[in-house]
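Peer 1: coordinates for the following, if possible.
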Amino acid sequence: MTPPVRTIGAAPELRRARLGVTLLFMTNGMIWANLAPRYPEIRRSLALSYGQFGLAVMFGGLGAIAFGLTAAAVIRRFTSRLVGVTFMILMAVGALLAVLAPNGIIFAIILFSIGAIDSVVDVAQNAHGLRVQRAYGRTIINSFHAMWSVGAVVGGIMGGIAAGRGVPLGAHLAVVALLVALVNVAGYRMLLVGADPVSPHTGSAHARAFPKVAAAIWVVLGLLSIVAIAGAWVEDAAISWSASYLRDELSAGATVASFGFVALMAMHFVGRVIGDRFIERFGAVLVTRVGGLITAVGMGTALLWPSIPMTVIGFGLAGLGVATSIPAAMHAADELPGFRSGTGLTIVSWALRVGFMLSPVVVGAVADATSLRVGLALVVVAGLVLALFASAMTPRSLAGAEEPEPAP
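Peer 2: Below you'll find the model as predicted:
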């Protein structure tokens, strides 16, 4: 990536924009994290089995898949700044409506809407973050994802305390929605104004969305999508199932049951804070491969010798292992040549949502047939997938893949 020319006078603007993007990521993490510790209560209040609850959660992924590929066009039309903030507030309102759902069908429909909104938010916040990164001229994308993890840790603690103290679901999520709205309105003024510029590595803003690019580049994009899906499996295991596993199978209290999710997100933060430096020193391939092995070994050990402390440690190691995988895959996709601006990033983000859609259904079905402990072995599988496909995040993956001449 060629660093852009910057003037000293632009530095304060960039610092404000970096803070604005940070607020986007933090509030996005807070929304899901406040929901996750309340999932056992929601499931019981709606009288759903593990499989039925997993199916309902799957609708969040379906919404993301149905609308995720529209994100690039929406952002080009309205800018990542406006779309990110507006849709984030809508997402927080959707989370409030979800906990007020009277039955499983309405709950699933609302999650479908939240997933659709979140898929656009995800691309918008990453697009603006990568825009700020290009202006900085160095890698900072993992720092944004680290702040998503901070928001998730804060949200997980908030949700765990609310669950332990019996705070009504509606009151809890109403406070979250108000907080998200206030923070994002403040952050809007910090973000970079104007239309999002075209990445120097992607095609013209007026090029076709799916130009005739080399087959090898499509293969790399597919492998990057698999990496994103594997990262989604690990994150969803904590979001959708860690509280239920600790509470139902290991007899943890309501607050302690939130510790698995909090541990994963806390170590997510640690991994992402150090991730930019590690990637610049060792490369994304090695960092992702070692991280995948840490995930597989850490969670595998916790499942083989189940206890509350081991499970919390296992989720923490899984969070550390996958910390940089999704941001690295998004960055690599956004740098692929030949695509219209934002298209590679949108496709990988869409694939990420496929992972979030499939994970709760698979884990829920396995849990109904055997146990939730067995279902969570999907985390181990995800770690091995990351180790296997990490090589997609190297420029050498594109060796011999020359971009063809654009069609007249």
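
Peer 1: determine the longest helix present in the chain.
Peer 2: Assignment by DSSP state H gives helix 104-136 as the longest helix of the chain.

Peer 1: what's the angle between the helix or strand that comes right after that helix and helix 104-136?
Peer 2: Reading on from helix 104-136 to the C-terminus, the next helix or strand found by DSSP states H and E is helix 141-164. Put simply, helix 141-164 runs at 150 degrees to helix 104-136, going by axes from the mean of the first three to the mean of the last three Cα atoms, to 10 degrees.

Peer 1: please begin residue numbering at 505 from this point
Peer 2: New numbering, starting at 505: the last item is helix 645-668.

Peer 1: could you list the buried residues of helix 645-668?
Peer 2: 645-664, 666-667 (16 or more other Cβ atoms under 10 Å). In this view, the C-beta of every residue, glycine as well, is placed from N, C-alpha and C.

Peer 1: packing partners of the longest helix of the chain?
Peer 2: Under the contact criterion of 3 or more Cβ pairs under 8 Å, 6 or more residues apart in numbering; DSSP states H and E, helix 608-640 touches helix 515-539, helix 554-572, helix 575-582, helix 584-603, helix 645-668, helix 829-838, helix 847-873.

Peer 1: what comes into contact with the strand or helix carrying Phe893?
Peer 2: Assigned by DSSP H and E, Phe893 belongs to helix 882-893. Residues outside helix 882-893 that contact it (Cβ atoms under 8 Å, 6 or more residues apart in numbering): 727, 730-731, 733-735, 737-738, 741, 792-801, 803-804, 807, 822, 825-826, 829, 863, 866-867, 870.

Peer 1: quick one: that helix to helix 847-873, angle?
Peer 2: Computed by the same axes, to 10 degrees, the angle separating helix 882-893 from helix 847-873 equals 140 degrees.

Peer 1: among the helices and strands packed on helix 608-640, which is nearest Ala767?
Peer 2: Closest to Ala767 of those, according to Cβ to Cβ: helix 645-668, at 9.0 Å.

Peer 1: the closest one: how far from the chain's middle?
Peer 2: Taking the mean of its C-alpha atoms, helix 645-668 sits 12 Å from the chain's own mean (Cα atoms, centre = their mean, to the nearest Å).

Peer 1: mind checking how far the helix or strand just after that helix is from the chain centre?
Peer 2: Heading C-terminal from helix 645-668, the first helix or strand you meet, by DSSP H and E, is helix 673-692. With Cα atoms, centre = their mean as the basis, the distance from the averaged C-alpha position of helix 673-692 to the chain average is 20 Å.

Peer 1: got the buried residues for the helix or strand just after helix 673-692?
Peer 2: Once the chain leaves helix 673-692, the next helix or strand it forms, by DSSP H and E, is helix 719-740. Across helix 719-740, burial judged by 16+ other Cβ under 10 Å covers 721-722, 724-725, 727-740.

Peer 1: what's the angle from helix 719-740 to helix 829-838?
Peer 2: For helix 719-740 against helix 829-838, the angle by the same axes, to 10 degrees is 160 degrees.

Peer 1: hang on, the earlier thing: nearest to Ala681, of the helices and strands packed on helix 608-640?
Peer 2: Comparing the helices and strands packed on helix 608-640 against Ala681 with Cβ to Cβ, the closest turns out to be helix 584-603 (4.1 Å).

Peer 1: what score does Arg900 have for pLDDT?
Peer 2: At Arg900, the model reports a pLDDT of 49.

Peer 1: go on, Arg712?
Peer 2: Per-residue pLDDT puts Arg712 at 48.

Peer 1: low-confidence ranges, the stretch 605-754 of the chain, go.
Peer 2: Scanning the stretch 605-754 of the chain for pLDDT under 70 picks out the ranges 702-717.

Peer 1: one step back: most packed of the helices and strands packed on helix 608-640?
Peer 2: helix 829-838 (a mean of 28; mean count of other Cβ atoms under 10 Å).
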